[in-house]
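Enquirer: Need a 3D model of the following:
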Amino acid sequence: MNQAASSRELEAIVAVVAGHPEGIGISGLHDALGGINRRTLQRRLAHLVESGRIVGEGQSVARIYKPSLPVSPEPESVRHMAEPGAGYAAYVPVSSAGAEIRARIRQPLAQRCPTGYDREFLERYEPGISQYLPDSIRMQLHEIGHTSSAGQAAGTYARSIIGRFLPDLSWASSRLEGNTYTRHEAKELLESGKLAMDKDALEAQMILNHKAAVEMLLDNADETGFDIFTFRNLHAVLSQNLLCDDGVSGHLRRQPLKILGTTFHPSAMPQFIEETFKLLLEKAVAISDPFEQAFFLMVQIPYLQPFVNVNKRVSRLGANISLMKHNLCPISFLDVPGLAYTEGTLGVYEFRQVELLRDVFVWAYERSCQNYLPAATTPPAPDPLKIRYQQELVSAVQTLVRAKMPATDANIRRAASAIPDQDREAFIRLLAEAMKYLDEGRLARYRLNRSEYAEWAAAARSHEGPRH
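Expert: You can find the predicted model right below:
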């Protein structure tokens, strides 16, 4: 069996176990999963328990399996990508402070002290006074990132290079999460919807989600800002179809989280997370320099871990909000060595020191300017084709909401009537799930605004429709 099939089986097991918080035995799993051989299932379960993705309790026939705490695999998932000869730099040039952080991070885990989230790290930052990027660095970035679109409508410059920037960011940011698509395969996926052979479907979804996130930021460049609405929607788009529980997509974290490969333990208190994220965004709004603003988000969002996963992706896309609004060259993270990015992030997690991550950010931005500034006159590429039925799903949700139709089974079936017979039932299930979880944190997925949603929600309540 190929690696993609094995990965699908593992994800299917995790999904079934996640639906049984009280625990489920191997017989129940075997019945629920169908086609997996029982001996193969035992091996898969042993692997998942060993990796911490599920918990096994009891012995022999009495053994049951329960969901583990949510796990973010981000820090360890990219270490293999920094090997020389991979087609990009093995590391970035580092400052003396960055080199010191790197040395400390490379000590064995057992020699690094456990540490939790320190809110004072955020509270000590005073916009306009504190600086993660010294004046000399910010002046350098402004000089190299200046474009001819300065003073024009927000997003003008990014739109002028969208044909190159969008696929680059979608692929490069996904690669930092361990995605194995090649740049060519990612380009084919975005342009024609072609899936790479022997690659997990989740990898394709990750790349497509990045594309949708870039489009979201550019479609709403004038309105997008450093507010909870923007970042909930950004998370919802980036995490679409990637989380075991889609109900947490677009919502702040309400459960404990552990991160592999680090001694850092994020806060587990929902109210604390909500209040701290609000403070984080308030400070971001008050930062006047777009580069300082961008890097502040790359430091503080992953450190807080406000969402159950996808936090670093949210921070990388969020960093581009400032640059797009000021029509500076955006940052795609193309060719960024995964090891350098990971170790820079770990330096923030464990030591609350930003210098190594700053070295990575500056190098990545210089690389982006080299790639895109000469290409400003390149005409945009045609809008890439959508993945199968993605646009139909968007249109169906829009139809139900704009017609103020409650999400009843009859209305959902009516909205799906144009789908071919062989795919209609599957599409109906997708549409029902989309309507079940539709809220203000997911409107960007379906190009809806808050007033449309509010009118639909009020009408649905008056009809006593099956809204959650």
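Enquirer: What segments of this protein are strands?
Expert: Applying DSSP state E to the chain gives strands spanning 24-25, 54-57, 64-67, 71-72, 115-116, 258-259, 264-265.
Enquirer: next one: the fifth one to chain centre, how far?
Expert: Using C-alpha atoms, centre = their mean, to the nearest Å, the distance from the centre of strand 115-116 to the centre of the chain it belongs to is 23 Å.
Enquirer: same for it, what does it pack against?
Expert: strand 264-265 (3 or more C-beta pairs under 8 Å, 6 or more residues apart in numbering; DSSP states H and E). Every C-beta, even on glycine, is put in place using the N, C-alpha and C of the backbone.
Enquirer: Name the strands paired with the strand it packs on and say parallel or antiparallel.
Expert: strand 115-116 (parallel) (DSSP bridges).
Enquirer: Need the contact partners of the strand it pairs with.
Expert: Thr263, Phe264, His265, Pro266, Ser267, Tyr349, Glu350 (C-beta atoms under 8 Å, 6 or more residues apart in numbering).
Enquirer: Take those residues and lay them out in CSV including neighbour count, distance to Cys113 and pLDDT.
Expert: CSV is the format used below for the contacts of strand 115-116 (neighbours: other C-beta atoms under 10 Å; distance: C-beta to C-beta, whole Å; pLDDT from 0 to 100):
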residue, neighbour count, distance to Cys113, pLDDT
Thr263, 16, 6, 94
Phe264, 22, 10, 96
His265, 16, 12, 95
Pro266, 20, 16, 96
Ser267, 18, 17, 96
Tyr349, 22, 12, 97
Glu350, 18, 8, 97
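Enquirer: Pretty sure Ala150 sits against Lys325.
Expert: No: with contact defined as C-beta atoms under 8 Å, Ala150 does not reach Lys325; the gap is 11.4 Å.
Enquirer: Comparing the two, which residue is more hemmed in?
Expert: More crowded of Ala150 and Lys325, by other C-beta atoms under 10 Å: Lys325, with 19 against 11.
Enquirer: so the more buried one makes contact with Ala294?
Expert: No: Lys325 lies out of contact with Ala294 (C-beta under 8 Å); the separation is 10.4 Å.
Enquirer: While we're on the closest residue to Asp359 other than its chain neighbours, how confident is the model there?
Expert: Nearest-residue entry for Asp359: Gly98, 4.3 Å, with adjacent residues in sequence omitted and distances by C-beta to C-beta, 6 or more residues apart in numbering. Per-residue pLDDT puts Gly98 at 94.
Enquirer: Repeat that for His463.
Expert: Looking at His463, the pLDDT reads 69.
Enquirer: where does Asp200 fall, phi/psi-wise?
Expert: Phi and psi for Asp200, reported as degrees, to the nearest 10, are phi -70, psi 140.
Enquirer: Count the residues that sit near it.
Expert: 21.
Enquirer: How about the one 10 residues further on?
Expert: Other residues near His210 number 27, with proximity taken as other C-beta under 10 Å.
Enquirer: show me where pLDDT drops low in the stretch 301-450 of the chain?
Expert: Residues of the stretch 301-450 of the chain meeting the criterion pLDDT under 70: 374-388.
Enquirer: One more: the stretch 51-200 of the chain?
Expert: Low-confidence segments of the stretch 51-200 of the chain (pLDDT under 70): 69-89.
Enquirer: Which parts of the stretch 301-450 of the chain are helices?
Expert: 311-325, 338-351, 355-372, 390-402, 409-415, 421-436, 450-462 (DSSP state H, counting those that start in this stretch).
Enquirer: As JSON lines, those helices with distance to Arg119 would be great.
Expert: Supplementary listing: these in JSON lines, determined by distance: least, C-beta to C-beta, whole Å:
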{"stretch": "helix 311-325", "distance to Arg119": "17"}
{"stretch": "helix 338-351", "distance to Arg119": "14"}
{"stretch": "helix 355-372", "distance to Arg119": "19"}
{"stretch": "helix 390-402", "distance to Arg119": "38"}
{"stretch": "helix 409-415", "distance to Arg119": "44"}
{"stretch": "helix 421-436", "distance to Arg119": "35"}
{"stretch": "helix 450-462", "distance to Arg119": "30"}
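Enquirer: Tell me which of the ones you listed lies nearest to Leu190.
Expert: Closest of the helices of the stretch 301-450 of the chain to Leu190 is helix 390-402, at 12.3 Å (criterion: C-beta to C-beta).
Enquirer: out of the helices of the stretch 301-450 of the chain, nearest to Ser136?
Expert: helix 355-372 (10.8 Å).
Enquirer: Give me the angle between the closest one and helix 338-351.
Expert: Relative orientation of helix 355-372 versus helix 338-351 (axes from the mean of the first three to the mean of the last three C-alpha atoms, to 10 degrees): 150 degrees.
Enquirer: Export only the CA atoms of helix 355-372, formatted as PDB.
Expert: C-alpha atoms of helix 355-372 as PDB (Å, rounded to 0.1, in the frame of the first residue of the first chain):
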ATOM      1  CA  GLU A 355      16.300  37.700  16.800                       C
ATOM      2  CA  LEU A 356      16.600  34.300  14.900                       C
ATOM      3  CA  LEU A 357      13.100  34.600  13.500                       C
ATOM      4  CA  ARG A 358      13.900  38.200  12.600                       C
ATOM      5  CA  ASP A 359      16.900  37.000  10.600                       C
ATOM      6  CA  VAL A 360      14.600  34.700   8.700                       C
ATOM      7  CA  PHE A 361      11.900  37.400   8.100                       C
ATOM      8  CA  VAL A 362      14.500  39.900   6.700                       C
ATOM      9  CA  TRP A 363      16.100  37.300   4.400                       C
ATOM     10  CA  ALA A 364      12.600  36.100   3.200                       C
ATOM     11  CA  TYR A 365      11.500  39.600   2.500                       C
ATOM     12  CA  GLU A 366      14.700  40.400   0.600                       C
ATOM     13  CA  ARG A 367      14.100  37.300  -1.500                       C
ATOM     14  CA  SER A 368      10.500  38.300  -2.200                       C
ATOM     15  CA  CYS A 369      11.600  41.800  -3.400                       C
ATOM     16  CA  GLN A 370      14.200  40.200  -5.700                       C
ATOM     17  CA  ASN A 371      11.400  38.000  -7.200                       C
ATOM     18  CA  TYR A 372       8.500  40.400  -7.600                       C
END
